[in-house]
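Undergrad: Got a sequence here, can you model it:
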Amino acid sequence: MQLVIVESPAKAKTIEKYLGKDFKVLASYGHVRDLPPKDGSVRPDEDFAMDWELYRDKQSRFKEIADAAKNADRLVLATDPDREGEAISWHVRELLKNRKALPTKVDRVTFNAITKNAVTEAMKAPRDLDMDLIDAYLARRALDYLFGFTLSPVLWRKLPGAKSAGRVQSVALRLICEREHEIEIFKPDEYWSVIAKLEQDGTEFDARLVRYNGEKLDKLTLGNEGSAMAAKAAVEGGRFTIEDIETKSLKRNPAPPFTTSTLQQEAARKLGYSASHTMRLAQSLYEAGAITYMRTDGVQMDMGAIHALRDAIGDRYDGSYLPEKPRFYSTKAKNAQEAHEAIRPTDFRRDHAGSGDEAKLYDLIFKRAMASQMSTALLERTTVTLRDATGQHELRATGQVVKFPGFLAVYQEGFDDREDDEDGLLPTMHKGDSPLKKGLEANQHFTQPPPRYSEASLVKRLEELGIGRPSTYASTIQTLRDRDYVRMEKNRFFAEESGRLLTAFLERFFPTYVAYDFTAGMEDELDTVSDGREAYKDLLAKFWKDFKPKADEVMEKLPSEVTEALDGYLSDFLFPPTGDGSDPRACPMCRDEGREGGRLALRGGRYGAFVACANYPECKYTRRFAQQGGNGDDTGGDDGLMGTDPETGAEVHRKSGRYGAYVEMEVDGEKKRASIPKDLDDFDLEWAIKLLGLPRIIGEHPETGKEIEAGLWRYGPAVRHDGTYGKLQSTREIFDIGMNRAVDLLAQSAAAKGGRGTRAKAEPIKTLGAHPTSGGEIKVMPGRYGPYVTDGTTNATIPKDVKPEDVTDAQAIELIDARAAKGSAKKKKRKAPAKKKKA
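TA: Below you'll find the predicted structure:
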């Protein structure tokens, strides 16, 4: 018997069908062991010796692998074709070796797609484990451990409120915080534009004033209303004639097929998916054999795939859409290894795969790959110049038309924060024509600060800087959100005060290790390890030689010294210049009460940093770290006016307090407040007004006649009736839930607590196929402690970061199998302590 090890049960099931009866395929369920999260797991003084520990929830699963290995003639390690896959294979081999269960023959095979041809061909070309790749994994894992476990204790002792720091996450956080600072110091400039509304042969079009009084207008030339109105009057009084018509032919070539990074970016732009959600969906599509491996920085495609794709294009479109020769791409990304193909469908005859969000992502991958081998799009851009009789004033109109769509017939790449005003069509015009002037506009504008990062633009920037690896971006971003260093609003990152304080601390005391060049350079060094050009322990020794003394130096500092240093480092942020020229550090409370010497400075406390007066305890003035100015009101800082309530006209403000962000509105002298939930990425004024209007009355309970409310309560979103609560899965559900579902949840809650209510049978959220082992129908169900999947025999909780509606068959089977492998662990009864004998 030949034993094959892969990561997931879905992958195992598919591969076992391809290999036949002589093979047994088992899943490791991802990584099987890791460095224990405690001091001493990596020991620099012992030549960077590492201790590994089998995950507790993998004990029974690995026992099954070990038992099968004892009866196997050959072990085939068929995990994913990247560094993590190589590491999993190495861990499995080492564990089996330690248990004396390793078969005599051990092979490593890799395939880029889970198709019968790819798998069977891979089995014919086995190899040994790539120890250089494993060394690169060991180096990366040790670096991350040493960075985190050395720096985190420093943070806990010297920076109250800080949770932890990571080698790559800290640099990503710095990017977000720097952008926040750029926005804060940005000073908008006023400028005006003059637009003529013209008409030619019944077709209206716009022309912009580009020359005034013989001088070319730059963006900021018309800097106030007076100059704009003078320019408008000059255009109004002139007769403009077409002096020049310039037509240029343009070519636009398709983008290459997706890499991990570009897939995450485009899924965020076009589908609104987070990086982590995109990667979960791509993993499912890969394991179902629909797409090639989804963790890659390569843009090239296999030649056989290119020929198959060209055939598919030829079947769908006429010959003009297929270029004479295939297109070949090379990556522009820094640090790209190009070890694997780009992400593409495994079968170009299949234009649909999966369901729900999976199907949408597959469609994106399919169209992008198909477009990459299609003909160039041909466009025509026309620029029309009009001048008045004096020749001193000039208008310009531009338009663009697609003459031949080429690849645009299938796919057009998205862009971040891009403005394009040249896509409009222009009427047919000739030199000497004088289009009819139908109106004039003088429009006021203000220059805008750089936009906050979206997930797409942050991933793009990290890749441009060569920081981290695209396969890790999703987890890096999620960590920043989980630790409350950043928040998402309208799909943009906002730096929280804890994140800004951490970044300031690292920039002040560990500037080298949050420098972009250092982090990118470390990726280059890790690449030299994976190429076999450097020993991984030499890399670790160089890092540790400088990092450990620096950490020890900072650890020796008193908390007051750290706070004083940060006070000076953050002075411009904490105490910006005042409008009246007064001292920004002057305490407003001391000033109002006539005390002298009231100077503000940064202080540290149990709940984090804050600003306080030097006259404490006589002066009790305080304000939050991120609250600039103000009167010391401890209810929180005002982060800005969001807008007004359309019904009452009351202003809605977003504020921050000790327990997080909230919104506030004052109506008839009464302040309404509502916490901002973390599951609303697109939080805006509309959501704020909805939250301030809670609780929502669903209606009267059919049995009691009492009202059922939906709202945000102490333990999260839920429905409430007569003291009984029914938990909801998300904030959005508060506003969507109807009477039937509310009554059902309340009945379940009452029954669970032993109440008088009769438990109604819960309706499945989603029904999937049959479980391959038990044969039971798999259902996604709502539960008291959250949604779960069940095959009628085993129930398995769905992870919090997975929407129950998005669970696929493969994910459900994997969850159920993992839960079944744990078994129903029975708790041992503790013996009552023996009674002491009386003396």
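Undergrad: Where does pLDDT dip in the stretch 51-200 of the chain?
TA: By pLDDT under 70, the weakly predicted segments of the stretch 51-200 of the chain are 160-161.
Undergrad: Helices of that one, residue ranges please.
TA: In the stretch 51-200 of the chain, the helices defined using DSSP state H, counting those that start in this stretch lie at 59-70, 83-98, 116-123, 131-158, 169-185.
Undergrad: contacting residues around stretch 142-152?
TA: The contact list for stretch 142-152 (CB atoms under 8 Å, 6 or more residues apart in numbering) reads 35, 39, 41-42, 44, 48, 50, 163-167, 510, 513, 522, 536, 539-540, 543-544, 547-548, 551. For the C-beta atoms, the positions are set from N, CA and C on the backbone; glycine is no exception.
Undergrad: What residues sit buried inside that stretch?
TA: Of all the residues in stretch 142-152, those buried under the rule 16 or more other CB atoms under 10 Å are 142-151.
Undergrad: Pro449 falls within a helix, correct?
TA: No - assessed with DSSP: H, G, I helix; E, B strand; the rest coil, Pro449 is coil; it does not lie in a helix.
Undergrad: Please report the distance of the closest residue to it other than its chain neighbours from Leu680.
TA: Among residues not flanking Pro449 along the chain, Phe186 sits closest, at 3.7 Å (CB to CB, 6 or more residues apart in numbering). Phe186 is 26 Å from Leu680, where distance means CB to CB, to the nearest Å.
Undergrad: what does stretch 579-586 contact?
TA: Under CB under 8 Å, 6+ apart, the answer for stretch 579-586 is 575-578, 598-601, 629.
Undergrad: do stretch 424-439 as well
TA: Outside stretch 424-439, the residues that touch it by CB under 8 Å, 6+ apart are 196-206, 236, 239-245, 382, 384, 386, 397-401.
Undergrad: run the last query once more with 7 Å
TA: Here stretch 424-439 makes contact (CB atoms under 7 Å, 6 or more residues apart in numbering) with 196-201, 203-205, 239-243, 245, 382, 384, 397, 399, 401.
Undergrad: mind checking how far Lys557 is from Phe510?
TA: Distance from Lys557 to Phe510, by CB to CB: 13 Å.
Undergrad: wouldn't Asp107 be in contact with Lys124 here?
TA: No - under the criterion of CB atoms under 7 Å, Asp107 makes no contact with Lys124, lying 10.9 Å away.
Undergrad: higher neighbour count, those two?
TA: Asp107 (18 against 7; other CB atoms under 10 Å).
Undergrad: What is the neighbour count of Asp484?
TA: 16.
Undergrad: pretty sure it is in contact with Ala495, am I right?
TA: No - taking CB under 7 Å as the definition, Asp484 is not a contact partner of Ala495, at 10.8 Å.
Undergrad: can you give me the helices in the stretch 451-600 of the chain?
TA: 455-465, 470-482, 497-509, 516-530, 536-555, 559-569, 571-574, 588-593.
Undergrad: Sheet-wise, list the partners of whichever helix or strand comes after the last one with their directions.
TA: Sequence order places strand 600-605 as the next helix or strand after helix 588-593, per DSSP states H and E. The partner list of strand 600-605 in its sheet, established with DSSP bridges, is strand 608-613 (antiparallel).
Undergrad: Helix or strand next in line after the strand it pairs with, which one?
TA: In N-to-C order, the element after strand 608-613 by DSSP H and E is strand 622-624.
Undergrad: in its sheet, what does that next one sit against?
TA: strand 608-613 (antiparallel).
Undergrad: Just the C-alphas of the partner strand, formatted as CSV.
TA: Output of strand 608-613 as CSV, limited to C-alpha atoms (Å, rounded to 0.1, in the frame of the first residue of the first chain):
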residue,chain,number,x,y,z
GLY,A,608,-3.1,53.2,27.4
ALA,A,609,-1.6,56.7,26.8
PHE,A,610,-3.3,60.0,27.5
VAL,A,611,-2.5,63.7,27.8
ALA,A,612,-2.5,65.2,31.2
CYS,A,613,-1.6,68.4,33.0
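Undergrad: That one to helix 497-509, inter-axis angle?
TA: Here strand 608-613 runs at an angle of 80 degrees relative to helix 497-509 (axes from the mean of the first three to the mean of the last three CA atoms, to 10 degrees).
Undergrad: For the protein, name the helix or strand with the lowest mean pLDDT.
TA: Least confident element among the helices and strands of the chain, by mean pLDDT, DSSP states H and E: strand 637-644 (a mean of 69).
Undergrad: buried sites along the next helix or strand after that strand?
TA: Counting by DSSP H and E, the next helix or strand C-terminal to strand 637-644 is strand 651-657. For strand 651-657, the neighbour count (16+ other CB under 10 Å) marks 652-656 as buried.
Undergrad: Just put the residues you listed in JSON lines and tack on distance to Leu685.
TA: Output for these, formatted as JSON lines (distance: CB to CB, whole Å):
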{"residue": "Val652", "distance to Leu685": "6"}
{"residue": "His653", "distance to Leu685": "11"}
{"residue": "Arg654", "distance to Leu685": "9"}
{"residue": "Lys655", "distance to Leu685": "14"}
{"residue": "Ser656", "distance to Leu685": "17"}
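Undergrad: Please enumerate the helices of the stretch 651-800 of the chain.
TA: 685-692, 732-736, 739-752.
Undergrad: The ones you listed into TSV, with extra columns for distance to Ala288, mean neighbour count and mean pLDDT?
TA: Output for these, formatted as TSV (distance: least, CB to CB, whole Å; neighbours: other CB atoms under 10 Å; pLDDT from 0 to 100):
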stretch	distance to Ala288	mean neighbour count	mean pLDDT
helix 685-692	35	19	88
helix 732-736	28	15	88
helix 739-752	31	19	84
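Undergrad: now these as TSV including distance to Asn112?
TA: As requested, the helices of the stretch 651-800 of the chain are arranged in TSV below (distance: least, CB to CB, whole Å):
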stretch	distance to Asn112
helix 685-692	43
helix 732-736	38
helix 739-752	44
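Undergrad: Phe404 and Leu378 touch, don't they?
TA: Yes - if you go by CB under 7 Å, Phe404 and Leu378 touch, sitting 4.1 Å apart.
Undergrad: quick one: low-confidence ranges for the chain?
TA: 160-161, 332-339, 415-423, 606-607, 626-640, 656-660, 681-682, 753-762, 784-785, 823-839.
Undergrad: Ile676 reaches Glu664, doesn't it?
TA: No - using CB under 7 Å, Ile676 is not in contact with Glu664; the gap is 10.9 Å.
Undergrad: Tell me which residues touch Val42, please.
TA: By CB under 7 Å, 6+ apart, the neighbours of Val42 are 35, 48, 50, 142, 145-146.
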